[in-house]
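K.L.:
Predicted model follows, preceded by the sequence.
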Amino acid sequence: MFPTGRLNRMLRQGRYSDRFSTSAGVFLSGVLEYLTAEIIELAGSVCEENKKKTIAPKHLNLAVRSDPELNKLMHTIAISQGGQLPNI
């Protein structure tokens, strides 16, 4: 799903390190794919709970903020049009 060749090129051009393994792009691709699948799965559950068929930015925000590990990872991220968590 994520192009490993492009990720390898971006790693080289970003100059994050002097040396990279040939499998660095594959590993990064796997990590990005896992995180994306996890967020989409949680957002789909939130969407079904609200009886909607389309995932909106609000559902993405609720999914990320309700999961403790994703919230810790993305605590500085602001999702555009995501709104705020209901504070009840």
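P.N.:
Arrived safely, thanks for sending. All figures in this text were calculated on a predicted structure; none of them were measured in a lab.
K.L.:
Do you know the pLDDT at the residue located most distally from the centre of the chain?
P.N.:
Of all residues in the chain, D18 has its C-alpha farthest from the mean position, at 26.9 Å, by Cα atoms, centre = their mean. D18 carries a pLDDT value of 91.
K.L.:
out of all of them, which helix in this protein is the longest?
P.N.:
helix 24-49 (DSSP state H).
K.L.:
what's that helix packed up against?
P.N.:
helix 4-14, helix 57-66, helix 68-73 (3 or more Cβ pairs under 8 Å, 6 or more residues apart in numbering; DSSP states H and E). (C-beta placed from N, C-alpha, C; glycine too.)
K.L.:
could you redo the last one with a cut-off of 6 Å?
P.N.:
helix 4-14, helix 57-66 (3 or more Cβ pairs under 6 Å, 6 or more residues apart in numbering; DSSP states H and E).
K.L.:
Highest average neighbour count across those helices: which stretch is it?
P.N.:
helix 57-66 (a mean of 19; mean count of other Cβ atoms under 10 Å).
K.L.:
what pLDDT, on average, does that helix get?
P.N.:
Mean predicted lDDT for helix 57-66 stands at 93.
K.L.:
going forward, begin numbering at 55 instead of 1
P.N.:
Okay, using 55 as the starting number, the last item reads as helix 111-120.
K.L.:
The closest residue to P111 other than its chain neighbours and R119: what is the separation?
P.N.:
Ranked by Cβ to Cβ, 6 or more residues apart in numbering and with sequence neighbours excluded, the top spatial neighbour of P111 is Q135, at 4.3 Å. For Q135, the distance to R119 equals 14 Å [Cβ to Cβ, to the nearest Å].
K.L.:
Dump the helices and strands packed on helix 78-103 to TSV, plus distance to L139.
P.N.:
What follows is the helices and strands packed on helix 78-103, written out as TSV (distance: least, Cβ to Cβ, whole Å):
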stretch	distance to L139
helix 58-68	32
helix 111-120	5
